[in-house]
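A.B. asks: Sequence and predicted structure below; questions after.
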Amino acid sequence: MITSQWHIGPALLGALWWLAASATAHAQSAPSPDSTDGGVRWFQSREPFAPLIADPLETVRRIYAHYDQEPSPLHEKRMQAWIDSRGQTSFGRHVYDPVDFGWSYDGLAEQYASYRERYDVDREAV
């Protein structure tokens, strides 16, 4: 068994994550949200995170509708039971501040500006 005594603080973790997130943000240029690739119709949600949390079942219905499908009543019932048993704060509440990771809200907004512009995502208020 190999163990490590290394401690990676939030700022170093933030710097590493920033590099990974930068690559991901730039890679989001393909496929386009409404494209097909080899007969597969891609789905990409253009909605902010808040509506997903507010009504996850409706989000699932929209994803199904994108593929001309709808979830069965049993599937919806099971999803609702899972949601009811595991609310957003069931395992505690996590609050993060970009400053803890060496970031700023304005820096994040700049980093993801091209992504937000491409997918028409508004900058969320903090």
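C.D. replies: Thanks, I have the structure now. No experiment lies behind these values; they were computed from the predicted model shown. Residues are numbered from 1 along each chain as shown.
A.B. asks: what distance separates the top helix by length along the chain from the centre of its chain?
C.D. replies: Longest helix of the chain, by residue count under DSSP state H: helix 10-27. When C-alpha coordinates are averaged (Cα atoms, centre = their mean, to the nearest Å), helix 10-27 and its chain have centres 15 Å apart.
A.B. asks: Let me see the ranges of the helices in this protein.
C.D. replies: 10-27, 49-54, 56-66, 73-85, 105-111, 113-118.
A.B. asks: Let me have these in TSV, extended by mean neighbour count.
C.D. replies: Bear in mind the C-beta positions are built from the backbone N, C-alpha and C, glycine included. Compiled in TSV, these are given as follows (neighbours: other Cβ atoms under 10 Å):
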stretch	mean neighbour count
helix 10-27	13
helix 49-54	11
helix 56-66	14
helix 73-85	11
helix 105-111	13
helix 113-118	13
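A.B. asks: between those helices, which one is nearest to Val95?
C.D. replies: Among the helices of the chain, the nearest to Val95 by Cβ to Cβ is helix 10-27 (13.3 Å).
A.B. asks: Turn the helices of the chain into CSV, including distance to Val99 and mean pLDDT.
C.D. replies: Shown next, in CSV, are those (distance: least, Cβ to Cβ, whole Å; pLDDT from 0 to 100):
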stretch, distance to Val99, mean pLDDT
helix 10-27, 9, 73
helix 49-54, 20, 75
helix 56-66, 30, 88
helix 73-85, 32, 92
helix 105-111, 9, 88
helix 113-118, 20, 81
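A.B. asks: Those: which one's closest to Tyr96?
C.D. replies: helix 10-27 (9.2 Å).
A.B. asks: quick check: domain ranges of this protein?
C.D. replies: Listed by automatic domain parsing, the domain ranges of the chain are 43-85, 98-126.
A.B. asks: Select, out of those, the one closest to Trp18.
C.D. replies: Nearest to Trp18, of those and by Cβ to Cβ, is domain 98-126 at 7.0 Å.
A.B. asks: end-to-end on the closest one?
C.D. replies: 11 Å (Cα to Cα, to the nearest Å).
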